[in-house]
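Colleague: Any chance you could fold what I've pasted below:
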Amino acid sequence: MPTVVGVIVRKIKDKVYADVGRFDLRLNDKVLVETEHGIEVGVVCEKEKNFQNGEDSIGKIFRKVTQEDSKKIANNEERNTRAYKTVTRKIVDHKLDMKLTYVQYTFDCSKLFVYYTSETRVDFRELIKDLGHILKTRIQMVQISVRDESKIIGGIGTCGQVLCCQSFLRVFSSVTIDMAKDQELSLNTAKLSGLCGRLMCCISYENDTYKNIKKICRK
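Modeller: Sure thing, here's the model as predicted:
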């Protein structure tokens with residue numbers, strides 16, 4: 001079984017597993033990883049472990065990011081900006097009911113990810129053809145939730161801190177109004193909602209802590 005590390009890739013912060021090969025890697029090391037989408041930039045987020053059958057497919061660590069790689073990453077960011085303008089213009093041209101969130105090239109620019117939100121199903125086949133012809137690369141459309149949108153864009157929450165989804169929260173849990181009731185919070189949805197317009201994630205992961213505190217106080 002290969003030895004793998006967990007690597008966070010792209011703005012959406014997807015986690016992939018990658019064969020470490022001959023590299024000695026530590027947490028937060030910036031690496032280039034070969035995935036099914038091409039060569040991508042990633043950050044090591046999980047220590048080495050033996051790959052288990054049934055887990056997600058694995059990629060391969062290409063190398064640690066070098067100074068030259070950093071220059072190309074900066075150039076790719078400029079390409080992302082130009083591509084964003086192009087995609088925005090073409091969405092308007094094709095009169096599609098979708099909101100563009102972010103676009104991102106892989107490190108080798110062999111693919112462009114287009115992240116968007118929409119309340120309806122979008123037929124973007126003609127858009128993909130148009131963009132492929134203009135940008136000369138493969139296009140992958142990725143529909144995301146409004147929570148994912150906040151994770152990508154980022155911001156400051158009502159607590160005055162960087163959004164949890166942007167800083168450390170990897171997986172979104174279900175959040176219900178009953179959790180707010182259990183914590184004796186004001187049931188004003190405007191005050192309970194985050195920048196994404198949904199109930200704040202902290203209501204979910206603080207719920208068990210609040211219940212434990214109440215039990216202790218009753219003793």
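Colleague: How far off centre is the longest helix along the chain?
Modeller: Using DSSP state H, we find that the single longest helix of the chain is helix 67-93. Relative to the centre of its chain, helix 67-93 is centred 17 Å away, using Cα atoms, centre = their mean, to the nearest Å.
Colleague: Quick one: end-to-end distance for stretch 50-59.
Modeller: In terms of Cα to Cα, to the nearest Å, the two terminal residues of stretch 50-59 are separated by 14 Å.
Colleague: for stretch 20-33, that is, sorry about that
Modeller: End to end - Cα to Cα - stretch 20-33 spans 9 Å.
Colleague: Please apply the same query to stretch 139-155.
Modeller: One end of stretch 139-155 to the other measures 28 Å (Cα to Cα).
Colleague: what's the average pLDDT for it?
Modeller: Across stretch 139-155, the average pLDDT comes to 91.
Colleague: again with stretch 90-107
Modeller: Mean predicted confidence for stretch 90-107 is 96.
Colleague: hmm, back to that, follow the chain on from the longest helix of the chain and name the next helix or strand.
Modeller: Downstream of helix 67-93, the next assigned helix or strand under DSSP states H and E is strand 99-105.
Colleague: ok, the closest residue in space to K90 that isn't next to it in sequence to C196 distance?
Modeller: Excluding its sequence neighbours, the residue lying closest to K90 (Cβ to Cβ, 6 or more residues apart in numbering) is D130, at 5.5 Å. All C-beta spots, glycine's among them, are computed from the backbone N, C-alpha and C. As judged by Cβ to Cβ, to the nearest Å, D130 and C196 stand 30 Å apart.
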